[in-house]
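**Q** no sequence for this one, just the structure:
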Ligand code: TEU
Ligand code: CA
């Protein structure tokens with residue numbers, strides 16, 4: 001049967017790799033990753049088997065929030081290179097058949113952006129209305145990074161809204177001029193050849209100041225359509241970072257809505273209702289249940305779903321499930337199979353492909369993230385040092401932002417830079433790095449290669465219907481099927497147990513314990529063991 005490709009379904013053939021440029025690879029020895037550095041590592045991406053890249057922000061920025069505070073949307077951050085370097089990188093990616101999407105930070109600018117520099121001067125400045133001002137705070141909203149979301153500005157005797165850092169004033173999307181500016185920025189990059197955008201906190205752009213939450217305001221959908229449902233733009237890939245529940249997702253991504261290709265939905269990775277810094281034990285059964293729920297929901301409503309476990313905002317999920325050290329490979333590959341064989345668009349975060357884990361540092365000076373520092377400052381008077389550092393190490397976004405460990409060579413900063421790295425490398429880099437992993441018999445990288453090759457070869461994995469076949473707790477069993485192909489995925493969680501197999505006469509196509517190759521249908525599963533079977537009736 002010929003593969004049917006509706007317009008949106010073609011995105012199911014994309015497999016993303018997220019690059020956090022500051023920490024990926026430093027090509028000029030100043031200790032900071034850069035665009036030339038990304039270009040130098042394209043062999044790695046190709047060897048892994050991805051065909052799309054999401055680049056975290058690389059625009060001009062004073063870096064109060066590592067590029068999520070943009071001071072010029074049409075130029076590249078000095079540390080990362082130039083617009084020419086960007087064009088070279090884009091061309092090099094495209095030559096290899098790899099798509100490129102850029103981060104698009106639309107909710108706020110840097111306070112050093114020209115617009116804000118003007119806006120704060122006086123109430124009658126032509127840029128004043130580009131931002132959100134009030135004589136008294138309009139509500140008691142808190143900034144995500146701590147403190148009030150309203151900051152006083154002396155020159156105008158007003159407060160301005162910043163949902164994130166003080167240096168990230170929220171744009172006033174009610175102002176048609178702001179919307180026009182943002183459209184022109186989208187056009188600028190589309191003309192330069194980007195394949196799409198990952199839209200930072202897109203659900204924040206419309207606000208209801210009376211509401212408890214800062215997102216999903218009344219004009220959200222209107223603004224999104226105005227931005228992306230236009231000639232010359234409609235074809236691109238647009239993924240929104242949104243907190244929406246089920247009905248919100250339908251409105252944002254529904255087939256005929258003209259809004260987003262898909263969104264990042266976080267329910268499966270955010271299990272704790274408490275502050276992200278308060279340690280908790282991640283529950284894999286709950287994780288599975290949420291994934292199953294969204295597989296069913298997106299199928300029913302014909303929505304595209306995204307498959308991910310990690311990004312630059314959270315500690316590595318692999319560390320949250322706390323596998324014994326000796327089982328890191330098994331746990332990492334089990335997570336990979338449980339997530340990336342579902343229906344949706346995979347996003348792999350840098351480091352995941354060799355089983356990267358969280359770090360432990362005793363000293364707050366070994367952290368950079370603004371959220372981490374704000375938390376430390378707010379708590380240090382009332383919390384004992386040991387507890388506080390445990391919280392910081394558990395929840396800090398720096399866990400996933402540390403320089404990539406390419407090699408095992410500590411003296412050479414694990415292959416990241418010949419200079420002094422901008423942030424201390426991961427504490428476990430000696431053992432957990434790409435080079436060591438690729439040489440190992442149990443290689444996470446090789447498993448990911450196999451996984452992505454299977455996705456490429458199998459229509460059922462990319463397009464097939466999902467069916468949950470889980471019978472017992474601490475396991476996840478599912479199938480993916482088209483008319484002429486069936487894939488069965490059996491994942492065991494942390495304890496050895498027997499799992500009755502949904503199939504007896506199929507081909508074993510992927511496993512993470514060598515012993516299974518000799519005995520494919522053994523129902524005894526070892527800790528974190530997975531087995532994937534294929535059937536072509
Ligand atoms: O994140 C927005 C967001 O709501 C969260 O992911 C938040 O950063 C996290 O919970 C804090 O722990 C986006 C970006 O991904 C993040 O890096 C930026 O800091 C933030 O927006 C502001 O631009
Ligand atoms: Ca550099």
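**A** Nice, I can see it. Note that the structure is predicted; figures quoted are calculated from it, not measured. Numbering: from 1, shown residues only. Ligands and ions are numbered 1, 2, ... in the order given.
**Q** CA atoms for contacts and neighbours, from now on please.
**A** Will do.
**Q** need the residues of the stretch 51-200 of the chain near ligand 1, please.
**A** 65, 68, 164, 200 (CA under 6 Å from any ligand atom).
**Q** considering these, which possesses the most neighbours?
**A** residue 68 (27 neighbours; other CA atoms under 10 Å).
**Q** for the stretch 351-500 of the chain, just list every one of the strands.
**A** Listed in chain order, the strands of the stretch 351-500 of the chain (DSSP state E, counting those that start in this stretch) span 465-468, 475-482, 485-492, 497-498.
**Q** out of those strands, which is closest to ligand 2?
**A** strand 485-492 (40.9 Å; CA to the ion).
**Q** show me what that closest one is packed up against.
**A** helix 328-340, helix 459-463, strand 475-482, strand 530-535 (3 or more CA pairs under 8 Å, 6 or more residues apart in numbering; DSSP states H and E).
**Q** do you know which of these lies nearest ligand 1?
**A** helix 328-340 (19.9 Å; CA to the nearest ligand atom).
**Q** any idea of the mean pLDDT for that closest one?
**A** The pLDDT scores in helix 328-340 average 98.
**Q** I figured residue 495 hits residue 527, correct?
**A** Yes - look at residue 495 against residue 527 with CA atoms under 8 Å: they come within range, at 4.8 Å.
**Q** who touches stretch 166-177?
**A** 64, 69, 106-112, 116, 129-132, 149, 151, 160-163, 178-179, 205-206, 223 (CA atoms under 8 Å, 6 or more residues apart in numbering).
**Q** considering only those, which also neighbour ligand 2?
**A** Among the contacts of stretch 166-177, no residue is within reach of ligand 2 (CA under 5 Å from the ion).
**Q** so which of those sit within strands?
**A** 151, 160, 161 (DSSP state E).
**Q** tell me the one of those residues nearest residue 312?
**A** residue 161 (24.4 Å; CA to CA).
**Q** report the central residue of the chain.
**A** residue 311 (3.5 Å; CA atoms, centre = their mean).
**Q** specify the beta-bridge partners of the nearest residue to that one once chain neighbours are set aside.
**A** Counting by CA to CA, 6 or more residues apart in numbering, residue 311 lies nearest to residue 349, which is 5.5 Å off, once chain neighbours are set aside. Legend: beta-bridge partners of residue 349 under DSSP bridges are residue 18.
**Q** return the residues in contact with residue 450.
**A** Counted by CA under 8 Å, 6+ apart, residue 450 has contacts residue 510.
**Q** so which residue of the chain lies furthest out from the middle?
**A** The centre of the chain is farthest from one residue, residue 124, which by CA atoms, centre = their mean lies 39.9 Å away.
**Q** ok, back up a step: between residue 495 and residue 527, tell me which one has more neighbours.
**A** Between residue 495 and residue 527, residue 527 has the larger neighbour count (other CA under 10 Å), namely 19 against 13.
**Q** the more buried one and residue 494, how far apart?
**A** Using CA to CA, to the nearest Å, residue 527 is found at 5 Å from residue 494.
**Q** repeat for residue 450
**A** Here the criterion is CA to CA. By it, residue 450 lies 23 Å from residue 494.
**Q** then residue 101 would be within a strand, right?
**A** Yes - assigned with DSSP: H, G, I helix; E, B strand; the rest coil, residue 101 falls within a strand.
**Q** hang on, the earlier thing: just send the helices and strands packed on strand 485-492 back as JSON lines, with distance to residue 490 and mean neighbour count too.
**A** Shown next, in JSON lines, are the helices and strands packed on strand 485-492 (distance: least, CA to CA, whole Å; neighbours: other CA atoms under 10 Å):
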{"stretch": "helix 328-340", "distance to residue 490": "8", "mean neighbour count": "24"}
{"stretch": "helix 459-463", "distance to residue 490": "14", "mean neighbour count": "23"}
{"stretch": "strand 475-482", "distance to residue 490": "5", "mean neighbour count": "22"}
{"stretch": "strand 530-535", "distance to residue 490": "5", "mean neighbour count": "23"}
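**Q** determine which of those approaches ligand 2 most closely.
**A** Closest to ligand 2 of these, according to CA to the ion: helix 328-340, at 30.1 Å.
**Q** does the residue farthest from the centre of the chain sit in a helix or strand, and which one?
**A** Here residue 124 is covered by no helix or strand, with elements defined by DSSP states H and E.
**Q** and it, backbone torsions?
**A** phi -100, psi 10 (degrees, to the nearest 10).
**Q** now the one 10 residues further on
**A** When quoted as degrees, to the nearest 10, the phi and psi of residue 134 stand at phi -160, psi 150.
**Q** so which bits of this protein are right by ligand 2?
**A** Counting by CA under 5 Å from the ion, the residues of the chain close to ligand 2 are 26, 28, 30, 32, 33, 34.
**Q** looks like the third one contacts residue 419 (just checking).
**A** Yes - in this structure, residue 30 is within contact of residue 419 by CA under 8 Å, at 5.4 Å.
**Q** what residues does the helix or strand of the chain with the lowest mean pLDDT touch?
**A** Ranking every helix and strand in the chain by mean pLDDT, DSSP states H and E puts helix 246-253 at the bottom, with a mean of 94. Residues outside helix 246-253 that contact it (CA under 8 Å, 6+ apart) are 221, 257, 259, 260, 261, 262, 263, 297, 301, 303, 304.
**Q** please apply the same query to stretch 183-201.
**A** Against stretch 183-201 from outside (CA under 8 Å, 6+ apart): 54, 73-74, 87, 90, 99-107, 227, 233, 236-242.
**Q** can you tell me the element residue 197 falls in?
**A** strand 196-200.
**Q** ok, that strand: who's next to it in the sheet?
**A** strand 99-105 (parallel), strand 237-241 (parallel).
**Q** returning to what we had before: show me what contacts the residue nearest to residue 311?
**A** 17, 18, 19, 310, 311, 312.
**Q** between those residues, which is closest to ligand 1?
**A** residue 312 (6.4 Å).
**Q** can you pull out the strands in the stretch 151-300 of the chain?
**A** 158-161, 196-200, 237-241, 262-264.
**Q** which residues of the stretch 101-250 of the chain fall in helices?
**A** 114-119, 176-192, 220-228, 246-253 (DSSP state H, counting those that start in this stretch).
**Q** according to the record, where do the domains of this structure fall?
**A** Per the record's domain assignment (automatic domain parsing), the chain is made up of the domains 114-161, 461-535.
**Q** Serialize the ones you listed to TSV and add fields for mean pLDDT.
**A** Supplementary listing: these in TSV, determined by pLDDT from 0 to 100:
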stretch	mean pLDDT
domain 114-161	98
domain 461-535	97
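**Q** who touches the residue of the stretch 201-350 of the chain found nearest ligand 2 in this structure?
**A** Ligand 2 sits closest to residue 350 of the stretch 201-350 of the chain, with a gap of 17.5 Å, by CA to the ion. Counting by CA under 8 Å, 6+ apart, residue 350 touches 17, 18, 19, 20, 24, 404.
**Q** could these go into TSV alongside pLDDT and neighbour count?
**A** Putting the contacts of residue 350 into TSV (pLDDT from 0 to 100; neighbours: other CA atoms under 10 Å) gives the following:
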residue	pLDDT	neighbour count
17	99	23
18	99	19
19	99	21
20	98	26
24	99	25
404	98	27
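**Q** look up the closest residue to residue 34, ignoring the ones flanking it.
**A** Using CA to CA, 6+ apart, the closest residue to residue 34 is residue 80 (4.1 Å).
**Q** what does the chain put close to ligand 1?
**A** 65, 68, 164, 200, 201, 313.
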